[in-house]
Structure formats: C-alpha cells, structure tokens
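J.: need a structure here:
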Amino acid sequence: MSQPRLTVLAGPTAVGKGTVSTYIRDNYPAVWLSVSATTRPPRPGEIDGVHYFFVSAEEFDRLVAEEQLLEWAVVHGRNRYGTLRRTVQAAMDEGRTVLLEIDLQGARQVKETMPEANFVFLAPPSWDEMVRRLRGRGTETAEEQQQRLETAKLELAAEPEFHHTVVNDTVEHAADELVSLMGLRPLER
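T.: Below is the predicted model of the structure:
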C-alpha cells in the first residue's frame with residue numbers, strides 16, 4: 001500500500017490559509033493537519049499545540065540545528081515558522097492524509113525534499129478583497145499590514161510554481177475544492 005499523498009497549501013498573506021485549514025480540521029477528520037512551530041506570540045484565541053507550537057527563539061534555533069524541521073522560514077522579516085519533520089512522518093506512516101499549511105518559502109523547501117507532494121496555491125478572489133481581509137482582522141499594526149501587502153505582491157507571482165490553484169471566494173468552497181484535490185469527497189450541503 002502506497003503512502004498517502006502529502007498536500008502542501010500555500011499562498012499570499014491574508015488569503016485565508018489558516019481559516020481554510022481550520023475549516024478542514026473541523027469538518028474533515030480524515031485529514032491530518034500539520035501544526036507548525038512559530039516564534040511569534042499567539043493571537044487571541046490561538047491555543048498552543050492546536051493552532052501552532054509557540055516556541056522561544058532559542059528552542060527554534062535548536063530545532064533548526066538538529067534538523068528537526070521539514071521546512072522553516074522567517075516570515076515578514078519578523079518571526080520564524082517551521083514544520084516538525086517527526087510529526088508529519090508519523091502521520092504519513094500511520095496512513096493519514098496529510099495537509100501542510102505553510103508559506104511560500106516553506107513550500108519551496110518541501111518541494112526540494114518531497115517533490116512527489118501535491119502543491120496547491122490558495123489565491124484571493126481579488127487584490128482588493130485580500131487587502132480588506134488583512135485590514136479587517138485587526139491583528140497587525142498599519143506598518144505590519146503594509147509590509148505584509150508588499151510581501152503578498154511577490155507571493156502572488158509564485159502561483160505558476162504550484163500544481164493547482166484554489167480561489168478562496170468562500171471558505172466552504174475553497175475547502176471543498178482542496179479536499180477534492182486531496183482525493184477525498186467534499187461535504188454534502
């Protein structure tokens with residue numbers, strides 16, 4: 001029996017990767033969603049070990065030095081994020097359908113080590129909608145928002161590097177399309 005296909009979901013900042021992934025976690029128990037480690041502080045409502053593993057800069061340095069991360073990156077010039085290699089491999093060894101929700105830098109690293117993975121780009125319905133979503137969540141300062149939007153312009157140009165594109169017009173539609181690309185049946189509505 002072959003291992004399940006690993007799916008990597010990436011896209012620009014504020015496109016809704018976390019929202020789509022959370023919806024999949026809550027509605028598709030067959031999908032194992034990787035939990036990333038990060039040096040950034042938790043946002044309101046985020047739970048350590050559920051949304052992210054919140055670690056110190058020193059702990060993150062140790063994970064990098066010991067090659068315990070499948071991928072990692074500095075995001076928006078501030079915080080580091082990474083995927084724990086052992087948790088992904090354990091889920092795949094158990095025969096689980098695995099979803100990594102990561103940034104563009106991380107997707108490129110995974111592509112180098114696991115080119116057989118399925119790479120999906122999550123795109124906004126429009127630039128204006130992406131800007132509205134970023135400003136509407138109210139979790140970043142105006143300066144951080146501007147930095148994220150500059151980064152998003154570069155990230156949008158990476159879409160051709162992916163096997164598939166899913167437009168996040170609504171969370172339910174984007175999740176249904178993504179799980180279909182993972183070989184699972186979407187929810188009946």
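
J.: switch to C-alpha atoms for all contacts and neighbour counts from now on
T.: OK.

J.: Would you tell me what the next helix or strand after the strand or helix carrying residue 26 is?
T.: Using DSSP states H and E, the element containing residue 26 is helix 17-27. Remark: after helix 17-27, the chain's next helix or strand is strand 31-33, criterion DSSP H and E.

J.: Neighbouring strands - and their directions - for that next one?
T.: The sheet places strand 31-33 alongside strand 97-101 (parallel), with pairing taken from DSSP bridges.

J.: mind listing what the residue positioned nearest the centre of the chain touches?
T.: Residue closest to the average C-alpha location in the chain (Cα atoms, centre = their mean): residue 101, at 1.9 Å. Residues near residue 101 by Cα atoms under 8 Å, 6 or more residues apart in numbering: 8-10, 17-18, 21, 33-34.

J.: For the residue nearest to residue 74 when sequence neighbours are not counted, grab the count of nearby residues.
T.: Using Cα to Cα, 6 or more residues apart in numbering and skipping residues adjacent in sequence, the residue nearest residue 74 is residue 80, 4.3 Å away. For residue 80, the neighbour count with other Cα atoms under 10 Å is 19.

J.: after the lowest-mean-pLDDT helix or strand in the chain comes which helix or strand?
T.: Taking mean pLDDT, DSSP states H and E as the measure, the helix or strand of the chain with the lowest value is helix 127-137, at a mean of 86. As assigned by DSSP H and E, the chain's next helix or strand after helix 127-137 is helix 142-156.

J.: And that following helix, what does it pack against?
T.: Contacts defined by 3 or more Cα pairs under 8 Å, 6 or more residues apart in numbering; DSSP states H and E place helix 142-156 against helix 127-137.

J.: Show me what counts as buried in stretch 88-107.
T.: Within stretch 88-107, the residues that qualify as buried are 88, 91-92, 96-104, 106-107, counting by 16 or more other Cα atoms under 10 Å.

J.: That concludes my questions; thank you for your assistance.
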